[in-house]
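Undergrad: whatever this is, show me its structure:
(one chain, ligands or ions: 2)
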Amino acid sequence: MGFDIRKEIERLKKEKNAVILAHNYQIKEVQEIADYVGDSFELSRIGKEVNAEIIVFCGVKFMAESAAILSPEKKVLLPVEDAGCPLANTIKAEDVRALKRSYPGVPIVTYINSSVEVKAESDYCCTSSNAVDIVNAIDSEKVIFIPDSNLGSFVQEKTDKKLILWDGHCNVHNRVNVEDILRMKALYEDAYVVCHPECRPEVVESCDIACSTSKMIEVAKETDRKTIILVTEEGMRHRLEREVKGKLIAVASPKLMCIDMKKTGLQHVYEALALDQVEVKVSKEITEKALVPLKRMLEIGRKQKEFIGV
Ligand code: 13P
Ligand code: SF4
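TA: Ligands and ions are numbered 1, 2, ... in the order given. Just a heads-up that it's a prediction; the model follows:
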């Protein structure tokens, strides 16, 4: 009998009491082997709540770090150590300290796509699924929003507060322009166009809706239109093809490919489980500080769920 990598992964998972979490942008094979597939918010919540000793986090570093901070009692493994997020690298802790000196007393909301050191300097975390709610929940007229300025502009459109933005971008979503959208709309005339709020404001404006990756599944199911154009990383197509039946799913541009999200394959998941690698380690001091904004985000999310009765 040959070596069946999927069976071996399943065996090791049981033996070690491990779960596999995968972001919506992971390759098809990894999404299929995962226990949970989701957006950044869902995965951080699931990572905290799930009953397991080991989490194999198939995504990028900031996601695995958030899981490690939220679940210090679990071992969190990132199968490919250098799977990072260029957006997260656009700001450092010292930049946040400088912002605090320039705007004393103004609360800082940090997109989860950031390093643990940056989170540790922040007041609140947010993801694309709750950025507007988090900003609106803060008792201050001014808010510093870092590091994604496109997501910040998206939030600015939906709040009366004055946002101070950092000039960071996701180089994948920021590459798309309005011409790309118009070309797709001309090709698929009655399509529903769904983008991620990390896209440029004028691109967001040219689409039907901007939302987190998991919300895209909901809206794609709800619309009567038979074609969905995705203006987000191309891995999202697999999730939609699995869950939204009878509709054509098209990705707006070949530019929508995040190299870091594509680094993890089945072999890496197997090696991670077999060798317990690469364990994400965050110092106790940074964990304690970064836990504050992350917990505030989960708490605001929990209160809002109670409020709308879900
Ligand atoms: P979501 O939280 O919407 O999944 O987005 C994560 C991300 O990295 C987008 O580029
Ligand atoms: Fe980071 Fe952009 Fe890749 Fe998301 S798609 S992980 S924001 S580089």
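Undergrad: show me which residues of the stretch 1-150 of the chain are close to ligand 2?
TA: Within the stretch 1-150 of the chain, the residues that sit near ligand 2 (CB under 6 Å from any ligand atom) are 60, 85-87, 113. For every residue, glycine as well, the C-beta is placed using N, CA and C.
Undergrad: next, give phi and psi for residue 75.
TA: phi -90, psi 120 (degrees, to the nearest 10).
Undergrad: of the residues of the stretch 1-150 of the chain next to ligand 2 - the most surrounded one?
TA: residue 60 (27 neighbours; other CB atoms under 10 Å).
Undergrad: that one touches residue 83, doesn't it?
TA: Yes. Residue 60 is within contact range of residue 83, at 4.9 Å (criterion: CB atoms under 8 Å).
Undergrad: anything in contact with each of the two?
TA: Counting by CB atoms under 8 Å, 6 or more residues apart in numbering, the contacts common to residue 60 and residue 83 are 260-261.
Undergrad: least confident secondary structure element in this protein?
TA: Within the chain, confidence by mean pLDDT, DSSP states H and E is lowest for helix 284-308 among all helices and strands, at a mean of 85.
Undergrad: buried ones in it, by neighbour count?
TA: Neighbour-count burial for helix 284-308 flags 286-287, 289-291, 293-294, 296-298, 300-301 (criterion: 16 or more other CB atoms under 10 Å).
Undergrad: can you check stretch 141-156 too?
TA: For stretch 141-156, burial by neighbour count (16+ other CB under 10 Å) applies to 143-156.
Undergrad: now, the residues you listed that are in helices?
TA: Judged by DSSP state H, the buried residues of stretch 141-156 include 149-156 as members of helices.
Undergrad: just send those back as JSON lines, with distance to residue 233 and pLDDT too.
TA: Formatted as JSON lines, these follow (distance: CB to CB, whole Å; pLDDT from 0 to 100):
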{"residue": "149", "distance to residue 233": "19", "pLDDT": "98"}
{"residue": "150", "distance to residue 233": "14", "pLDDT": "98"}
{"residue": "151", "distance to residue 233": "15", "pLDDT": "98"}
{"residue": "152", "distance to residue 233": "20", "pLDDT": "98"}
{"residue": "153", "distance to residue 233": "20", "pLDDT": "98"}
{"residue": "154", "distance to residue 233": "17", "pLDDT": "98"}
{"residue": "155", "distance to residue 233": "21", "pLDDT": "98"}
{"residue": "156", "distance to residue 233": "24", "pLDDT": "98"}
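Undergrad: not counting sequence-adjacent ones, nearest residue to the residue nearest the centre of the chain?
TA: By CA atoms, centre = their mean, the chain has its centre lying nearest to residue 40, at 3.3 Å. Leaving aside its sequence neighbours, residue 40 sits nearest to residue 127 (CB to CB, 6 or more residues apart in numbering; 4.4 Å).
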